[in-house]
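Q: Test case, fold it:
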Amino acid sequence: MAIEFGKSTDQAQTVPALVLEVDSTSIRDYLAISDSLPVLVLFVQENDPTSQSLLRTVKTLTEKTAGKILTLVVDAVKSPELAQAFELKQIPTLLGMLKGQPAPLFVGDQPAEQVQQIIDRVLEVGKENGLTGVVKVAEPEPELSITHQQAFAAIEENNYPLAKSLYEKALVENPNDQLAEAGLAQIKLLIRLEGKDLSSLVRSPGEDTDAVLDRVDALIATGSAKEGFEQLLVLFEKTAKDQREPIRLRFVELFLVVGNEDPAVMQARKNLSLLLF
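A: Residues are numbered from 1 along each chain as shown. Model (predicted):
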């Protein structure tokens with residue numbers, strides 16, 4: 001397996017943690033960070049005491065840098081293709097990466113003082129090469145309320161009416177609960193489509209309001225948001241102004257289902273605004 005060092009296009013500087021366990025797939029998400037700051041790659045073995053001792057040391061010292069270094073931890077036994085790609089000869093091994101280029105730092109366990117000196121030197125070399133970026137740890141997801149947890153459980157049990165009532169309850173408790181608002185919109189969509197053949201709905205030629213709304217629901221549910229919004233927009237445009245409100249509300253619901261940052265939603269919202277004003 002060939003690993004293309006530094007070829008990832010992911011330039012995000014927010015990470016789940018400063019010390020991350022990675023494999024041959026997930027490592028690609030972080031290699032490009034070495035274009036902005038030094039990255040350490042530590043090869044260990046799960047049941048090897050020397051590996052675990054060095055891991056504890058490197059973890060502590062990495063966290064002390066407050067984001068000036070990112071450490072990727074690889075289990076050499078579980079990811080032999082990475083061990084081969086990095087030409088690993090011994091476990092544990094610590095490598096440094098600057099601008100996508102790996103360089104061995106040392107093998108075996110080392111005293112914390114010596115590891116600190118090596119990390120300091122890596123930071124110096126990084127600074128000399130303009131690698132002075134900082135990664136920050138992403139904020140943890142807020143814990144879900146009991147009501148939300150119950151709603152998720154109801155969805156898993158296909159009890160959509162219960163989930164709907166729970167999301168409605170959550171919105172009564174907090175009208176600004178965006179998660180509940182989106183959840184309610186998704187549940188309403190599931191309820192409308194329950195027991196229906198999505199493929200048949202998508203192919204349905206009906207042009208009356210109910211037929212179009214059903215077809216749009218099916219298109220949204222099957223991932224064709226752009227086409228769904230286009231058809232809903234046509235329906236809105238040809239509907240008498242005093243009868244458009246239900247269609248506008250369906251737009252609002254489906255925007256929540258698809259997500260406000262989706263390009264299809266942003267375009268549909270723009271087109272709808274032109275018709276409204």
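
Q: those helices in the chain, which residues are they?
A: Along the chain, the stretches classed as helices by DSSP state H are 49-64, 80-85, 112-128, 146-156, 160-173, 178-193, 198-203, 209-221, 225-238, 245-258, 263-276.

Q: Mean neighbour count, the ones you listed: which tops it?
A: helix 209-221 (a mean of 20; mean count of other Cβ atoms under 10 Å). No exception for glycine: its C-beta is placed from N, CA and C like everyone else's.

Q: tilt between that one and helix 245-258?
A: 10 degrees (axes from the mean of the first three to the mean of the last three Cα atoms, to 10 degrees).

Q: ok so, going back, okay if I get the helices of the chain as JSON lines plus mean pLDDT and distance to T25?
A: JSON lines is the format used below for the helices of the chain (pLDDT from 0 to 100; distance: least, Cβ to Cβ, whole Å):
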{"stretch": "helix 49-64", "mean pLDDT": "96", "distance to T25": "21"}
{"stretch": "helix 80-85", "mean pLDDT": "93", "distance to T25": "10"}
{"stretch": "helix 112-128", "mean pLDDT": "96", "distance to T25": "26"}
{"stretch": "helix 146-156", "mean pLDDT": "95", "distance to T25": "27"}
{"stretch": "helix 160-173", "mean pLDDT": "96", "distance to T25": "33"}
{"stretch": "helix 178-193", "mean pLDDT": "96", "distance to T25": "29"}
{"stretch": "helix 198-203", "mean pLDDT": "93", "distance to T25": "31"}
{"stretch": "helix 209-221", "mean pLDDT": "95", "distance to T25": "29"}
{"stretch": "helix 225-238", "mean pLDDT": "95", "distance to T25": "28"}
{"stretch": "helix 245-258", "mean pLDDT": "95", "distance to T25": "27"}
{"stretch": "helix 263-276", "mean pLDDT": "91", "distance to T25": "26"}
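
Q: Just send the ones you listed back as JSON lines, with distance to T14 too.
A: Formatted as JSON lines, the helices of the chain follow (distance: least, Cβ to Cβ, whole Å):
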{"stretch": "helix 49-64", "distance to T14": "16"}
{"stretch": "helix 80-85", "distance to T14": "24"}
{"stretch": "helix 112-128", "distance to T14": "19"}
{"stretch": "helix 146-156", "distance to T14": "24"}
{"stretch": "helix 160-173", "distance to T14": "28"}
{"stretch": "helix 178-193", "distance to T14": "20"}
{"stretch": "helix 198-203", "distance to T14": "36"}
{"stretch": "helix 209-221", "distance to T14": "30"}
{"stretch": "helix 225-238", "distance to T14": "27"}
{"stretch": "helix 245-258", "distance to T14": "24"}
{"stretch": "helix 263-276", "distance to T14": "22"}
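
Q: So for V15, which of these sits nearest?
A: Proximity to V15, assessed across these by Cβ to Cβ, is greatest for helix 49-64 (11.4 Å).

Q: How about residues contacting that closest one?
A: For helix 49-64, contacts defined as Cβ atoms under 8 Å, 6 or more residues apart in numbering pick out 18-19, 40, 42, 44-45, 69-71, 73, 91-92, 94, 108-110, 112, 115-116, 119.
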